[in-house]
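# Kindly generate the corresponding structure for this input.
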Amino acid sequence: RRRRRLRRVRRRRVPGRGWRAGRRDVQLYVTAPPLRTMLLGVACGLHVASARGSCAAGLRSVQRWLGRDFHAQPLLAPTQRVPASRSGWSPCRRCLRAVTSGTAAASQGSEALPEAADVAAHLQLNVLGPWRRRSGELRVWGDAGPEGGVSAAELQLLQRLLEQMGDDQPQTLAEWGVRVLSTADPLGKAALTHYAVSRFLNTAPVYYQHLHESAAPPVPLGTALAPARPARPQKPELVPIKQVPTHSQSGLPLNCYLLHTLTHIELNAVDLAWDTVVRFSNIAGDVEAFGERGVVPMQLFVDFLRVADDESRHLGWCLQRLDELGVQYGSIPAHDMLWQGAYDSRDSLAARLAVVPCVQEARGLDAGPRLTTRLNSNNDHRTADIVDRISEEELPHVAVGVFWFREACAALEVPAGEVFQALVSEYCPLLKGNGPFNHKARADAGMQREWYDWSLSGGADSE
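Numbering: from 1, shown residues only. Predicted coordinates:
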């Protein structure tokens, strides 16, 4: 009965989805005959599990059987193929795809990610180092991409906000953060953020020289009390995530709907980065690593300040493009789920590092390429280019969270992977294990797959 059923499957001809197309595209490669025999048994076991309606459970059991090497070593070699005729049976296409795609994704992630002991050096050299040296002054999206300077609207709004402050301007970076969090206007948040960053880093852009004395000293970090919630404009209305209208319910074109959603995310990202700087500023110290004198290195706050500056630039691009499309931010309701994660982790720096950069920001790595593809399919290539650039610049933000989370766990001598999974389960259980994942980008940011892919049975790493 099984042979007859499989013959019927092989004769099915659906363009791009049938058995013949799948057999050409999904091929099982192995590195040695004994391993070939083992993997063929794996696929057979998955075929039986699939017949019982539990293919995912079958895959997890196979992964437990093969051990951690199933995820840690590449099992696909483009020089050997196991034809179905040699094995005497043919697995169903779904099970064969489960074996090959799971192995290939694990191999790709393991090749891109260095050994656990070298992750910090990898991030410092290849991700964080170049990002920290990069200029953040490309704040206008021109015809050929980002351009230097700020828009006239942003500069005029900043000048008006500074005039309203008068002599009561903040004297420390933490106080500037409170002022940004207390500003409801999205463009005002972006303008104040970049101005405060330039004052703290003492970069003195040309377009800000007329706003303060050229000899003004850089502001120190200082300390301040973060507000319970950031200020928000009257629109959009904040509703539970299940009540957010879909594209068909919103009345907006698809590209405008997607861009409006991204604009709301970037607005929250600015506040999340500033809240981290302000809320934990009282434990900052002039040290090189965690654990020295019980304080947190100053570089952590500088990194999150740069994240806030990047997010303000992304917000400015989104607002500019919405204006070009004739859509105003706030046209449709939005959710408050992102800020809820920050509020829940307000008392723990480790939880904040796990929830905001390593979960929420990492979702941007997963969704960015798909969003770019949808916009290009909608023939809005300008918006697609903006989204693609934003997605590319999200990777260092995730790396910041991963790097400092690993540093904190190393100082406490606890396994980073297990602590990460415990914090995610406690603070954002709705987001744990929700794919699909961009394994390559997450590996480049220093995240091991066992951290976030809860379908794997090996659990977190024990480094």
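# Identify each buried residue in stretch 418-438, please.
By neighbour count on 16 or more other C-beta atoms under 10 Å, the buried set for stretch 418-438 is 418-421, 423-424, 427-428, 431, 437-438. (C-beta placed from N, C-alpha, C; glycine too.)
# er, stretch 162-175 actually
Of all the residues in stretch 162-175, those buried under the rule 16+ other C-beta under 10 Å are 170, 172-175.
# and that stretch, how far from the chain's centre?
Between the centre of stretch 162-175 and the centre of its chain there are 33 Å (C-alpha atoms, centre = their mean, to the nearest Å).
# do the same with stretch 231-240
Offset of stretch 231-240 from its chain centre (C-alpha atoms, centre = their mean): 24 Å.
# Kindly report the same for stretch 223-242.
On C-alpha atoms, centre = their mean, the centre of stretch 223-242 falls 21 Å from the chain's centre.
# hmm, back to that, tell me the one of the buried residues of stretch 162-175 nearest Leu371?
Leu173 (32.7 Å; C-beta to C-beta).
# Can you verify my assumption that that closest one contacts Phe200?
Yes. Between Leu173 and Phe200 there is a contact under C-beta atoms under 8 Å: 4.8 Å.
# can you list the weak-confidence ranges in the stretch 351-463 of the chain?
Scanning the stretch 351-463 of the chain for pLDDT under 70 picks out the ranges 433, 457-463.
# Now do the strands in it.
In the stretch 351-463 of the chain, no segments count as strands under DSSP state E, counting those that start in this stretch.
# Using JSON lines, lay out the buried residues of stretch 162-175 together with distance to Val140.
Putting the buried residues of stretch 162-175 into JSON lines (distance: C-beta to C-beta, whole Å) gives the following:
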{"residue": "Pro170", "distance to Val140": "26"}
{"residue": "Thr172", "distance to Val140": "29"}
{"residue": "Leu173", "distance to Val140": "25"}
{"residue": "Ala174", "distance to Val140": "29"}
{"residue": "Glu175", "distance to Val140": "28"}
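# Could you tell me which of the residues you listed belong to strands?
Using DSSP state E, no member of these falls in strands.
# Now pLDDT too, for these, in JSON lines please.
Formatted as JSON lines, the buried residues of stretch 162-175 follow (pLDDT from 0 to 100):
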{"residue": "Pro170", "pLDDT": "92"}
{"residue": "Thr172", "pLDDT": "93"}
{"residue": "Leu173", "pLDDT": "94"}
{"residue": "Ala174", "pLDDT": "95"}
{"residue": "Glu175", "pLDDT": "95"}
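# wait, which of the residues you listed is closest to Leu155?
Using C-beta to C-beta, Pro170 comes nearest to Leu155 of those, at 19.3 Å.
# excluding its backbone neighbours, what's nearest that closest one?
Distance criterion C-beta to C-beta, 6 or more residues apart in numbering; nearest residue to Pro170, sequence neighbours excluded, is Trp176 at 4.5 Å.
# count of neighbours near that neighbour?
Using other C-beta atoms under 10 Å, Trp176 has 26 neighbouring residues.
# my read: it touches Leu192, true?
Yes. Assessed by C-beta under 8 Å, Trp176 is found in contact with Leu192 at 7.1 Å.
# starting at the chain centroid, how far to the longest helix seen in the chain?
Ranked by residue count under DSSP state H, the longest helix found in the chain is helix 381-412. Computed by C-alpha atoms, centre = their mean, the chain-centroid distance of helix 381-412 equals 6 Å.
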